Structures are given as C-alpha cells and as structure tokens.
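K.L.:
fold the stuff below for me.
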Amino acid sequence: MSQASPDTSSHPHPASNPLSLCERVVYGLLAALSVLPLWVWRGLGVAIGHLGYWLLRPRRRIGRINLALCLPEMTQKQRDAILLQHFISMAQTALDRIWLWHGSDALLQRRLRLQGDTEALHQDGSILLFAPHFVGLDAGATALLRHVAPRKGITIYTAIRTPAVDRWVRRGRQRTGNVLVFGRPEGSKPVIYALRKNAGLYLLADMDFGPKESIFCTFFGQTAATVPSVSRFAKLARARTITAVTLLEPHGYTTHVSPAWSNFPTDDVMADTQRMNHELEGWIRQRPHEYFWLHKRFKTRPEGQASVY
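P.N.:
Numbers count the residues shown, from 1 in each chain. This is a model prediction of the structure:
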C-alpha cells in the first residue's frame, strides 16, 4: 500500500475497461443479489459444499491425502469432518464474492473487520503482507485495501483461462481502485519497484509452484517445495513483513494482522522460509477447515522420491 507508485498504465482501474452488454446485465443482477442477508449465502454454501464434497472426488482425494500427511494425529473421521467443512467454507466464500465485489461500501463496512496490529499498516515504508491461502483471502485483500486507502497495494495475479471469469475476478479485486495488479509472467522487477515506493504486497507464497523457484523446507513435518519469495522480496525491497490471515465469522470476515516479524529477513533464506511455514502451521491449527487443502501441496518431490498423490 503505497503513497507513491510506479507507472500503472499497464494496470488500469477496471472502470476504464468497458463492459459488454451481457456483462452489464450480469453485473447488475449480481449487484441486486448482493443485498440478500448473509445467512442466505452461508446457507446456500452449506448445500453446495455438501454437493461438491460428494461430486468432486479427485479433489476430495487430494484433500484427504494432504490432511493425512499434515494432521496424522487425528483420526480419519476427524479429518473427513474437516474436509467436508472445508468444501462448505469454499462454497460460502465463493458465493460471498457476490456481495464482496458488487455490494455497497456500507455493506462492506459492516461485514469486513480488522483485528490486531492495524497501526503497523500505516507506518512509513514498504510492507510485505504474508497472506496464506485461507478461504477468506479475497475478503482480506478488500478489507486491507479499504483500510489503507489511498495508499497502494500490490497483488501478483495468475490469469484464469475463462476470459469472462478472469475479467470478473480482476475487476472485483480492483474495486477499491488503489491496487496494482502484476501478472506472474512480468517477473519480480515491477513488484520490487513498487514495493520500494512504499507499496504493500499481498503475497500468497504458500503453494507448490514447482521446482524452478522453490527450496525444500518442512511443512507439518513433511518435505515441501516452498517458494522463498517472502524472504527475498522483503530483503530486496527493505520491507517489513506482517502476517494477514482472514477468517470466516458470523458477521462476515475478520482479518488478523500480526506485528511486524522481528529479525526478518536474515541472510539465511532457508531459515526465513522455514519460519514462514512454521507461522502458517500455527494459524492452520486454529482453523484447519479454512485452509486450502485441495491443492497438490506436496506435488514437487526431491529427486528419487515417489509422488504422494
């Protein structure tokens, strides 16, 4: 979140991109639906989540493997209950994007809350927000951007194959107007440039992005390919690192903001990245069903090791 920003001509605010007639009709319908009470969306999410749990067998299998690797102390019945609740939480947050991206500012004010060291978000200098893949990550990004406006935020975006959906997601994530969106193919240079201009990077660095940029650390005691981008971006941009985890609540969402990490980054990228995984483990144990278990987190294996999937 930055008071000064690089040239953003290649990252226009979504309002500068005209909508087609069909999109205008669909977006108008979504705006009308956004006024529905929260219990409607959460109730629909329960039904859709149960359906997804039984129909999406390949994803259910991945989730069961991940949970067995990470939470072996639990029984299979306990892990299956977490996985079912995860499908429900995923469905609920997917539906919540209707009011999150099309609802009024007053609605967002009621449903999005921040908790923790929020003053750290207003201190001078660049900020790196470690935002792991909990289901409420889009709500968290919106809450944080609203809180720090007009300062700038940065997100690194992976395009969605379906153009209409990709456009909807991009517009939704840019609804506050104070966010710079960089595609992964653009590399790290524009991100570091923006960070050095006192921007804040909302960084989702906890997935398996393949062997090219990863190092092997432990995650819940398992060897896991982990991108060391939190340590490297923080060092290159001289940024303070803060954890931002967004959790589902009866009122909507609460984003928990940690104090800046002490003695970080260090000269030991491996130790820094292991620290990130340890920080993440603590949050997952608080709300295991809200973490994203349907991704092949352990897909990349050290040479000679067989796939766990």
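K.L.:
which stretches of the stretch 201-309 of the chain form strands?
P.N.:
215-219, 222-226, 240-249, 252-257 (DSSP state E, counting those that start in this stretch).
K.L.:
let me see the contact set for the residue nearest the centre of the chain.
P.N.:
Geometric centre of the chain, nearest residue: L137, 3.7 Å, by C-alpha atoms, centre = their mean. Going by C-beta atoms under 8 Å, 6 or more residues apart in numbering, L137 touches A131, L204, T246. From N, CA and C alone the C-beta is placed, and that goes for glycine too.
K.L.:
buried ones only from these, please, as a PyMOL command.
P.N.:
Of the contacts of L137, the buried ones can be selected in PyMOL as follows, counting by 16 or more other C-beta atoms under 10 Å:
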select buried, resi 131+204+246
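K.L.:
from the contacts of L137, pick the one nearest Q286.
P.N.:
The closest of those to Q286 turns out to be T246 (C-beta to C-beta; 12.5 Å).
K.L.:
give the contact list for the closest one.
P.N.:
Taking C-beta under 8 Å, 6+ apart as the criterion, T246 is in contact with A131, F134, G136, L137, A139, G140, A143, Y253, T254, T255, H256.
K.L.:
can you lay out those residues as CSV showing distance to Y53?
P.N.:
Shown next, in CSV, are the contacts of T246 (distance: C-beta to C-beta, whole Å):
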residue, distance to Y53
A131, 26
F134, 19
G136, 19
L137, 21
A139, 22
G140, 25
A143, 28
Y253, 22
T254, 25
T255, 27
H256, 27
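K.L.:
just name the closest of those to P190, please.
P.N.:
For those, the nearest to P190 is A131 (19.2 Å; C-beta to C-beta).
K.L.:
angles on the backbone of that closest one, please.
P.N.:
The phi/psi pair for A131 (degrees, to the nearest 10) reads phi -120, psi 90.
K.L.:
what pLDDT does it get?
P.N.:
pLDDT, A131: 97.
K.L.:
right, and it touches A141 too?
P.N.:
Yes - if you go by C-beta atoms under 8 Å, A131 and A141 touch, sitting 7.2 Å apart.
K.L.:
what do the two both touch?
P.N.:
Common neighbours of A131 and A141 (C-beta under 8 Å, 6+ apart) are Y202.
K.L.:
where's D268 relative to D208, distance?
P.N.:
As defined by C-beta to C-beta, to the nearest Å, D268 lies at a distance of 22 Å from D208.
K.L.:
quick check: next helix or strand after the longest helix seen in the chain?
P.N.:
Determined from DSSP state H, the single longest helix within the chain is helix 76-102. Downstream of helix 76-102, the first helix or strand assigned by DSSP states H and E is helix 105-111.
K.L.:
skip the chain neighbours and tell me the closest residue to Q123.
P.N.:
Distance criterion C-beta to C-beta, 6 or more residues apart in numbering; nearest residue to Q123, sequence neighbours excluded, is R240 at 7.5 Å.
K.L.:
and the pLDDT at the one you found?
P.N.:
pLDDT, R240: 96.
K.L.:
repeat for Y157
P.N.:
On pLDDT, Y157 comes in at 88.
K.L.:
noted, bye for now.
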